[in-house]
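predicted model follows, preceded by the sequence.
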Amino acid sequence: MRKVKTYILFALAVVLLFAFFGCQEECPLCGGIQEAGTVVYVPLEGGFFGIVGDNGVHYEPVNLPEEFQVNGLRVVFVAEPIDGVSAYMWGELIRLNRIEALRF
């Protein structure tokens, strides 16, 4: 019964995410990216935190707030792509405009 409640809450959260952020990866009004994903610690070159989007894309935020630097944290975010490369070359460079933790 507890698993069923968890699945129902997860499904409700996904529906609300799509209603809140829209179902497109690219945000036509903000010129950026809207996505849900998981914060991950990547132990390359001294280590850093990235976000693996639910779409499978690796994002390398240049301004991830400290309170979101938690391995395994589920988040939704709005971001702008940044031209350039990083020392890690792990994912797409982004600047976060908004980020929120998903709480179940």
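Done, it's in.

going forward, measure contacts between C-alpha atoms and count neighbours the same way
OK.

and the next helix or strand past the lowest-mean-pLDDT helix or strand in the chain?
Using mean pLDDT, DSSP states H and E, strand 26-27 stands out as the lowest-scoring helix or strand of the chain, at a mean of 48. Downstream of strand 26-27, the next assigned helix or strand under DSSP states H and E is strand 32-42.

extract the CA atoms of that next one and return them as CSV.
C-alpha atoms of strand 32-42 as CSV (Å, rounded to 0.1, in the frame of the first residue of the first chain):
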residue,chain,number,x,y,z
GLY,A,32,16.3,28.7,-22.2
ILE,A,33,15.9,25.2,-20.8
GLN,A,34,13.2,23.9,-18.5
GLU,A,35,13.9,20.4,-17.1
ALA,A,36,13.6,18.1,-14.1
GLY,A,37,16.6,16.1,-13.1
THR,A,38,18.9,14.7,-10.4
VAL,A,39,21.9,16.5,-8.8
VAL,A,40,25.0,14.3,-9.0
TYR,A,41,28.5,14.6,-7.6
VAL,A,42,31.0,14.0,-10.3
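
so which bits of it are buried?
32-40 (16 or more other CA atoms under 10 Å).

quick one: distance of that strand to the chain centre.
Chain-centre distance of strand 32-42: 2 Å, with CA atoms, centre = their mean, to the nearest Å.

again with stretch 64-81
Mean-position distance between stretch 64-81 and its chain equals 6 Å (CA atoms, centre = their mean).

how much space is there between F68 and G53?
Here the criterion is CA to CA, to the nearest Å. By it, F68 lies 15 Å from G53.

the more surrounded of the two?
Set F68 next to G53 and count neighbours by other CA atoms under 10 Å: G53 wins out with 20 against 16.

so that one bridges to which residues?
Note on G53: beta-bridge partners by DSSP bridges are G37.

and it, what does it touch?
Counting by CA atoms under 8 Å, 6 or more residues apart in numbering, G53 touches 35-38, 59.
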